[in-house]
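1. What follows is a predicted protein model with its sequence.
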Amino acid sequence: MKAEIFDIQRSSYVDGPGIRTTVFFKGCNLRCAWCHNPESQSCRPEIMFYRDKCVGCGKCAEVCPNGLKFCTRCGKCELYCPRDARKLCGHEYTADEIFAEVAKDKLFYDNSGGGVTFSGGECMLQIDFLEEILKKCRAAGIHTAVDTAGHVPFELFERILPHTNLFLYDFKCFDGELHKQYTGVDNRLILENLARLLELGHPLWVRIPVIPEVNGTVEEMERIRAFLMSHGRPENVELLPYHAMGEHKYAAIGRDVRVFTAPSDAKMTDLRRVFEGI
Ligand code: SF4
Ligand code: SF4
């Protein structure tokens, strides 16, 4: 069995406790307007082209078996480009290949309370592979986290619950209409799944991207807090300030970018205060 993966980041400190390796699955069923990894959204591999790096040497067209008219992801243009202007985003890996990569840092995980995080995109869309790799990691004593937006049937959570130490669960906004407007989907299923996980008492961190135009008010955070507390107690609530660092990636895959306002430090402090003592 293989999965479509677009990145593997070692020594990450931002996707769960301790030092971690984060494995990014390709394909997502949401379309968040502020997404800083737009290359994660399509489940297919795609070529990213960084125009500002290109010197127009023509090597890519020369080596491409299809004259750059369509891509069969052979990777030659990336390999031969002298300026790293072309990047093939998305590669197939077996579970054994991913495990071999993840296991390299086991010592660091053990010493820091870290482990592996499966992220995306939405890693739960490739559930058969996810279940297999989670089992392998658990069998090797590696702490496992699954980063999800939660828009999947609860049966998928039930399959991986026994092999997942921690869920990192995104919470975009409480209002269903607003959620649909900015992510493309209603949040009913997402909230139902979150409620069930909290009621089960499974270790879970809630992660809220803060976008001032969408959810950046104390009132919205209070609504989210009230929802969480009515169903259980997450281990942690992380507020992640919006940033525009993914902007150049939109151009690289030929898409228009939508830019939002980055919240100030003072605003983040106010919003984080809502979750104190949770
Ligand atoms: S990856 Fe291969 S087929 Fe795709 S554009 Fe590059 S050279 Fe052409
Ligand atoms: S090989 Fe790289 S630098 Fe040369 S034309 Fe292609 S993208 Fe541009």
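-> The structure has been received and is ready for your questions. Numbering: from 1, shown residues only. Ligands and ions are numbered 1, 2, ... in the order given.
2. make it CA atoms for all contacts and neighbour counts henceforth
-> Fine.
3. so where does whichever residue of the stretch 101-250 of the chain sits closest to ligand 2 fall, helix or strand?
-> Nearest residue of the stretch 101-250 of the chain to ligand 2: residue 249, at 15.1 Å (CA to the nearest ligand atom). Element membership for residue 249 (DSSP states H and E) is helix 247-252.
4. Verify the contact between residue 145 and residue 116 for me.
-> Yes. Using CA atoms under 8 Å, residue 145 is in contact with residue 116, at 6.2 Å.
5. Could you check which of these two is surrounded by more residues?
-> Neighbour totals were compared for residue 145 and residue 116, and residue 116 leads with 30 against 27 (other CA atoms under 10 Å).
6. what comes into contact with the helix or strand in which that one is found?
-> Assigned by DSSP H and E, residue 116 belongs to strand 115-119. With CA atoms under 8 Å, 6 or more residues apart in numbering as the test, strand 115-119 has contacts from 15-25, 102, 106, 109, 142-148.
7. mind running it again at 7 Å?
-> 15, 19-25, 102, 109, 142-148 (CA atoms under 7 Å, 6 or more residues apart in numbering).
8. Which members of those residues occur in strands, if any?
-> 20-25, 143-148 (DSSP state E).
9. Over to residue 236: give its phi and psi.
-> phi -160, psi 150 (degrees, to the nearest 10).
10. So which bits of stretch 1-10 are buried?
-> Using 16 or more other CA atoms under 10 Å as the test for burial, stretch 1-10 gives 2-8, 10.
11. Restricted to strands, list these.
-> Using DSSP E, the buried residues of stretch 1-10 in strands are 2-8, 10.
12. Save the ones in strands among the contacts of strand 115-119 as CSV, and put in pLDDT and distance to ligand 2 too.
-> Shown next, in CSV, are those (pLDDT from 0 to 100; distance: CA to the nearest ligand atom, whole Å):
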residue, pLDDT, distance to ligand 2
20, 98, 33
21, 98, 30
22, 98, 28
23, 98, 27
24, 98, 25
25, 98, 25
143, 98, 40
144, 98, 38
145, 98, 37
146, 98, 35
147, 98, 33
148, 98, 34
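13. Can you add distance to residue 174 and give those back as a markdown table?
-> Output for those, formatted as a markdown table (distance: CA to CA, whole Å):
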| residue | distance to residue 174 |
| --- | --- |
| 20 | 30 |
| 21 | 30 |
| 22 | 27 |
| 23 | 28 |
| 24 | 26 |
| 25 | 26 |
| 143 | 30 |
| 144 | 28 |
| 145 | 24 |
| 146 | 22 |
| 147 | 19 |
| 148 | 17 |
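14. Strands along the stretch 51-200 of the chain, start to end?
-> According to DSSP state E, counting those that start in this stretch, the stretch 51-200 of the chain carries its strands in the segments 86-89, 91-94, 115-119, 143-148, 166-170.
15. Buried deepest among the ones you listed, which one?
-> Mean neighbours per residue, mean count of other CA atoms under 10 Å, is largest over the strands of the stretch 51-200 of the chain for strand 115-119, with a mean of 28.
16. Parallel or antiparallel, which strands does that strand pair with?
-> Applying DSSP bridges, strand 115-119 is found paired with strand 20-25 (parallel), strand 143-148 (parallel).
17. Report the angle between the last one and strand 166-170.
-> Meaning strand 143-148. Between strand 143-148 and strand 166-170, the angle comes out at 20 degrees (axes from the mean of the first three to the mean of the last three CA atoms, to 10 degrees).
18. any idea how far residue 64 is from residue 251?
-> Using CA to CA, to the nearest Å, residue 251 is found at 22 Å from residue 64.
19. what's the answer for residue 20, then?
-> 36 Å.
20. Look at the two and report which has more neighbours.
-> residue 20 (28 against 20).
21. got the contact list for that one?
-> 10-13, 109, 114-117.
22. how about CSV for those, with distance to ligand 1 and pLDDT added?
-> Shown next, in CSV, are these (distance: CA to the nearest ligand atom, whole Å; pLDDT from 0 to 100):
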residue, distance to ligand 1, pLDDT
10, 25, 97
11, 28, 97
12, 28, 96
13, 32, 95
109, 35, 98
114, 35, 98
115, 32, 98
116, 29, 98
117, 28, 98
